[in-house]
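1. Predicted coordinates and the sequence they were generated for:
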Amino acid sequence: MMRKITVAVLLFPRFQLLDLSGPSDAFAEVQVLSQGECVYEILTIGTTRGPIRSSSGIAVTPDRSIFDPCPHVDTVLVPGGLGVFDILEDTTVSDWLQQQQSRACRRLCAVCNGGFALGAAGLLAGKVVSTHWMDVQRMAAMFPSATIRPDHIYVKDGPVYTTAGVTAGIDLSLLLIEEDFGRAMALAVAKYLIVYLRRAGGQSQFSPLLEVAAGEGTQVAAIQAHVLQHIGQRHSVESLAAHFGMSVRHLARIFAKGTGMTLLAFLNDARIDTARRLLENTDLPLKEVAARSGVPTSEALRRLFLRRLEIGPQEYRQRFRSVDVAARTVRDVSRGCRRAAGRIFAGSPCWVTLGRGGRLDFRCRSIVHV
């Protein structure tokens, strides 16, 4: 027996096209893989009548508008895009979203900064949410009753689902598919789309952790500069207070006021940011990476990465190391392998390939060492 779930996607001028097409393609694949037994019906709902132009310039003609009668929908999806900020004071949009909630819509979802539309409709009050890392401070200021998790790719809090950056819309769609039709179906769709069913780590992997900077010439700016210039030292709140001749309490207070974050959080972010660059651009062992980042041991670095990024430093390196470093590693190991092979098989061919997960496969004639 066919099971159908209706998803309404709210479209507004300058919406992000990928936030519509990504989830729509994932949902469409469910029907293909289930041979028509599981179906998502996608209804596009415009905030205006007629074609709506996306931020990329491609226009989409919605199935209907918010001014037309709307059937009951299971799930509402609000895409992101720069145009979302133009509709925040549009009461007809907020009223429409509130109406869907009052009609017992099972899920209210937002991709990227589409969460601002939910917030303007009062749907984020008291909720734990995520959004694009560039919009975290703005969302916190506009919706102070919401708790923002900037390091989460998506957050589910009751019927409200919010996500981080643009491609997180596909992560969200896979979560919804798993809820609706089971993990096996979600995994099959993920395999078809060649994406992770559960992406390791949060968006902090890809965003600058040290975006928050104090005003130039202030005491807090001097503290930040000192930390970054001497990141290899074992800084603590106590040692920094002693260095700058102030009490621990006073230092903590002025730093939080000047940056909106605790000094300890800044220290850890600075250490992680340094370690990330070293992991991406060097072949240094983890012990040395930890030392240069001001972390006492490689195990402490691993715990810090898992707690902040939800991914270990070794896996981070395998996924995000620069192409130049990976190529140099293969080249250097290949040369060493050839030298070793020369002592075993004079003139024998020997090569190295970079295998799955960053594994190096050494091959000499018919002998394979992994």
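-> Cool, got the structure.

2. and residue 225, what are its phi and psi?
-> Main-chain torsions, residue 225, degrees, to the nearest 10: phi -60, psi -40.

3. who touches it in this structure?
-> By C-beta atoms under 8 Å, 6 or more residues apart in numbering, residue 225 lies in contact with nothing. Just so you know, the C-beta spots here come from the backbone N, C-alpha and C atoms, and that holds for glycine as well.

4. Repeat that for residue 146.
-> Residue 146 sits next to 119, 124-129, 139-140 when contact means C-beta under 8 Å, 6+ apart.

5. That one and residue 123, how far apart?
-> 10 Å (C-beta to C-beta, to the nearest Å).

6. quick one, helices of the stretch 101-250 of the chain?
-> In the stretch 101-250 of the chain, the helices defined using DSSP state H, counting those that start in this stretch lie at 115-120, 136-142, 168-181, 183-193, 219-229, 237-243, 248-259.

7. Name only those of the contacts of residue 146 that count as buried.
-> Neighbour-count burial (16 or more other C-beta atoms under 10 Å) applied to the contacts of residue 146 gives 119, 124, 127-129, 139.

8. Only alpha carbons, please: show stretch 122-140 as PDB.
-> Taking C-alpha atoms only, stretch 122-140 is exported to PDB below (Å, rounded to 0.1, in the frame of the first residue of the first chain):
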ATOM      1  CA  GLY A 122       7.400  33.100  17.100                       C
ATOM      2  CA  LEU A 123       8.200  29.400  16.400                       C
ATOM      3  CA  LEU A 124      11.700  29.400  17.900                       C
ATOM      4  CA  ALA A 125      10.800  30.600  21.400                       C
ATOM      5  CA  GLY A 126      12.400  28.400  23.900                       C
ATOM      6  CA  LYS A 127      13.800  26.100  21.200                       C
ATOM      7  CA  VAL A 128      17.300  24.800  20.700                       C
ATOM      8  CA  VAL A 129      18.300  25.600  17.100                       C
ATOM      9  CA  SER A 130      21.100  25.800  14.600                       C
ATOM     10  CA  THR A 131      21.800  28.200  11.700                       C
ATOM     11  CA  HIS A 132      24.600  29.100   9.400                       C
ATOM     12  CA  TRP A 133      27.700  30.100  11.300                       C
ATOM     13  CA  MET A 134      27.700  33.600   9.800                       C
ATOM     14  CA  ASP A 135      24.300  34.300  11.200                       C
ATOM     15  CA  VAL A 136      24.700  33.000  14.700                       C
ATOM     16  CA  GLN A 137      25.200  36.400  16.400                       C
ATOM     17  CA  ARG A 138      22.300  37.900  14.400                       C
ATOM     18  CA  MET A 139      20.000  35.100  15.400                       C
ATOM     19  CA  ALA A 140      21.000  35.300  19.000                       C
END
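
9. which parts of stretch 273-289 are buried?
-> For stretch 273-289, by 16+ other C-beta under 10 Å, it's 273-276, 278-279, 286, 289.

10. how about those, which pair is most distant?
-> Greatest spacing in the buried residues of stretch 273-289, by C-beta to C-beta: 273 and 286 (16.3 Å).

11. so residue 40 sits in a strand?
-> Yes. The assignment for residue 40 is a strand, going by DSSP: H, G, I helix; E, B strand; the rest coil.

12. What is the burial count for it?
-> If you count neighbours by other C-beta atoms under 10 Å, residue 40 ends up with 24.

13. Surely it is in contact with residue 31?
-> Yes. When contacts are counted by C-beta atoms under 8 Å, residue 40 is listed as touching residue 31 (7.1 Å).

14. Flag the shaky bits of the protein, pLDDT-wise.
-> 196-216, 322-370 (pLDDT under 70).

15. what about 50?
-> Confidence mapping of the chain against pLDDT under 50 gives the ranges 333, 337, 340-370.

16. No further questions, thank you.
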